[in-house]
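Colleague: below is the sequence, then the predicted model.
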Amino acid sequence: DSGVTQTPKHLITATGQRVTLRCSPRSGDLSVYWYQQSLDQGLQFLIQYYNGEERAKGNILERFSAQQFPDLHSELNLSSLELGDSALYFCASSATFNSYEQYFGPGTRLTVT
Amino acid sequence: AQRVTQPEKLLSVFKGAPVELKCNYSYSGSPELFWYVQYSRQRLQLLLRHISRESIKGFTADLNKGETSFHLKKPFAQEEDSAMYYCALLVGSQGNLIFGKGTKLSVKP
């Protein structure tokens, strides 16, 4: 599968814990975006990386951080987890840094108990 | 402030009926707008963009700058159109998309 992949599919953890979500972009795409989808807030942009560098920041909490590695995969780190962090986290990729056509991964469902 | 509003959470129509999914936006610059769709158990994917002015799967959307709207329309809905539809605004300087909260379209037989 040459599309966007995300691991794990599901994650259940307790409040106060830290987790890492992983994303591999489509082959050849340099830009990675992270989105959070919750029932009340909808799909919200968190952060974008382009070729290893942070490009844009959205509504990302200070407890959250991300990075993009030389092989272009990206990780989203969520720490001091709260119940309200339970959501679907999507990764998307695109060829350039300002592309409207973003290819989405299947998402990681995070449940904080 | 940049914002995309989809006023309807759920829209239910019968097969063959016309469909209009509403989208309004707020943006100080020149807007670039898109419709994304998520079918059941599939990934979110681009449906169409306003610049191309094309019809995809029978859907069209016209940008109305005066009314700051980008409604998605289809004259005759099909059952396979049932999905979640998201209107999105590209923040050109940053390159990220701002999504509306989505409208669930249900087409009944």
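Modeller: Sure, I can see it.
Colleague: which other helices and strands contact the lowest-mean-pLDDT helix or strand in chain B?
Modeller: In chain B, no helix or strand scores lower on mean pLDDT, DSSP states H and E than strand B:96-99, which sits at a mean of 88. Contact here means 3 or more C-beta pairs under 8 Å, 6 or more residues apart in numbering or on different chains; DSSP states H and E; on that basis strand B:96-99 packs against strand A:31-38, strand A:42-50, strand B:3-5, strand B:83-91. All C-beta atoms are positioned from the backbone trio N, CA, C, and that covers glycine.
Colleague: now do 6 Å
Modeller: Using 3 or more C-beta pairs under 6 Å, 6 or more residues apart in numbering or on different chains; DSSP states H and E, the elements in contact with strand B:96-99 are strand A:42-50, strand B:83-91.
Colleague: what's in contact with it?
Modeller: The list of residues contacting strand B:96-99 from outside it, by C-beta atoms under 6 Å, 6 or more residues apart in numbering or on different chains, reads A:Leu43, A:Phe45, A:Gln48, A:Ala56, B:Gln2, B:Val4, B:Tyr86, B:Ala88, B:Leu89, B:Leu90.
Colleague: which residues sit in contact with residue 86?
Modeller: You didn't say which chain, so I picked chain A. Applying C-beta under 6 Å, 6+ apart as the definition, the contact partners of A:Ser86 turn out to be A:Leu110, A:Thr111, A:Val112.
Colleague: if you could check chain B rather than the one you did, that'd help
Modeller: With contacts taken as C-beta under 6 Å, 6+ apart, B:Tyr86 has the following neighbours: B:Tyr36, B:Phe99, B:Gly100, B:Gly102.
Colleague: what about the last one, neighbour count?
Modeller: Using other C-beta atoms under 10 Å in any protein chain shown, B:Gly102 has 23 neighbouring residues.
Colleague: kindly report the same for the third one.
Modeller: Taking other C-beta under 10 Å as the criterion, the count of residues near B:Gly100 is 25.
Colleague: that one is in contact with B:Cys87, isn't it?
Modeller: Yes. With contact defined as C-beta atoms under 6 Å, B:Gly100 reaches B:Cys87; the gap is 4.4 Å.
Colleague: strands of the chain, start to end?
Modeller: If you meant another chain, say so; for now it's chain A. Along chain A, the stretches classed as strands by DSSP state E are A:5-7, A:10-13, A:19-24, A:31-38, A:42-50, A:53-57, A:64-68, A:74-78, A:87-94, A:103-104, A:108-112.
Colleague: chain B is the one I meant
Modeller: Counting by DSSP E, residue ranges of the strands within chain B are B:3-5, B:10-14, B:19-21, B:24-26, B:33-38, B:45-49, B:60-64, B:69-74, B:83-91, B:96-99, B:103-108.
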